[in-house]
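J.: Just the structure for this:
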Amino acid sequence: MNGDYRYEIILYWSKEDEAFLAEVPELPGCIAHGSTPEAALASAKEAIQLWIDTALEFGDPVPAALERRLVFA
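T.: Next up is the predicted model:
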């Protein structure tokens, strides 16, 4: 993997955690946090790489990125 991911990342403030959270819904359990949105996003990129590396190490499938846009109706 080259680190050029196209996975959806949902970024939001968590009052409970008192931090910004960045979730990657396409990779179950892949979530990161940071004190700023930028820090959470940077951590999410690292978490994606770690998730993929771990899946490959254990022979688990790596979901293809859906490359979709979140739309609110």
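J.: Might one say that residue 48 is in contact with residue 22?
T.: No: Residue 48 is beyond contact range of residue 22, at 9.6 Å (criterion: C-beta atoms under 8 Å). C-beta here means a position set from N, CA and C on the backbone, and glycine is covered the same way.
J.: Next one: the residue nearest the centre of the chain from residue 44, what distance?
T.: Most central in the chain under C-alpha atoms, centre = their mean is residue 24, positioned 3.3 Å from the mean C-alpha point. Remark: distance between residue 24 and residue 44 (C-beta to C-beta, to the nearest Å) = 6 Å.
J.: for residue 32, same thing?
T.: Distance from residue 32 to residue 44, by C-beta to C-beta: 4 Å.
J.: who's more crowded, these two?
T.: residue 44 (26 against 23; other C-beta atoms under 10 Å).
J.: What residue, apart from its backbone neighbours, is nearest the more buried one spatially?
T.: residue 22 (3.7 Å; C-beta to C-beta, 6 or more residues apart in numbering).
J.: Bridge partners for that neighbour, pull those for me.
T.: Legend: beta-bridge partners of residue 22 under DSSP bridges are residue 11, residue 32.
J.: Isn't it up against residue 40?
T.: Yes: assessed by C-beta under 8 Å, residue 22 is found in contact with residue 40 at 4.2 Å.
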